[in-house]
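> the sequence and its predicted three-dimensional model are supplied below.
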Amino acid sequence: VQLQASGGGLVQAGGSLRLSCAASARTGSSFAMGWFRQTPGKEREFVAAISWTGGGTYYADSVKGRFTISRDNAKNMVYLQMNSLKPEDTAVYYCAARRGMVIARVDRYDYWGQGTQVTVSS
């Protein structure tokens, strides 16, 4: 499974961005999908995840109520709608996939995209 993240950019605090992740294979049948982020010198951290059916979604406390993860299995796409962005959301965002249950752990995902930079100015 190859993943391609896109949609990052520069936005002012309070603004919105939508990240997209395109998968090369049919991830809808059995893959949970997640979004993670990383800033220089820090560990990659969990942001949001969604079950393969789309029925289960999970969020880091820091983004709950502001970010929404969704997926379109017919198009092999996963999205992260980010609203009310804050400067502390600035990071490289990665999408990832794992076969099976959705889980909020970086080390449990097998497939990773290349990352897209999100910069939020104050």
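Sure thing, it's come through.
> if you skip the residues just before and after it, what's nearest to Gly15?
In space, and not counting its chain neighbours, Gly15 is closest to Leu85: 5.4 Å by Cβ to Cβ, 6 or more residues apart in numbering. C-beta here means a position set from N, CA and C on the backbone, and glycine is covered the same way.
> ok but that neighbour is inside a helix, no?
No. Leu85: not assigned to a helix; according to DSSP: H, G, I helix; E, B strand; the rest coil it is coil.
> pLDDT weak spots in the chain?
27-28 (pLDDT under 70).
> let's go with 80 and repeat that
The chain contains residues with pLDDT under 80 at 25-29.
> before we move on, the earlier item: how about the contacts made by the residue nearest to Gly15?
Neighbouring residues of Leu85 by Cβ atoms under 8 Å, 6 or more residues apart in numbering: Val11, Ala13, Gly14, Gly15, Ser16, Leu17, Arg66, Val118, Val120.
> any idea how far Ala13 is from it?
6 Å (Cβ to Cβ, to the nearest Å).
> which neighbours do those two have in common?
By Cβ under 8 Å, 6+ apart, Leu85 and Ala13 have these common neighbours: Val120.
> quick check: buried residues in the helix or strand Ala5 falls within?
Assigned by DSSP states H and E, Ala5 belongs to strand 3-6. By 16 or more other Cβ atoms under 10 Å, the buried positions in strand 3-6 come out as Leu3, Ala5.
> please enumerate the strands of the chain.
3-6, 9-12, 17-23, 31-38, 45-50, 57-59, 67-72, 77-82, 91-99, 111-112, 116-121 (DSSP state E).
> and the contacts of the third one?
Okay, so that is strand 17-23. Contact partners of strand 17-23, identified using Cβ under 8 Å, 6+ apart, comprise 1-9, 11, 31, 33, 35, 76-82, 85, 93, 95, 97, 113, 116, 118.
> try 7 Å this time
1, 3-9, 11, 35, 76-82, 85, 93, 95, 97, 113, 116, 118 (Cβ atoms under 7 Å, 6 or more residues apart in numbering).
> no further questions, thank you.
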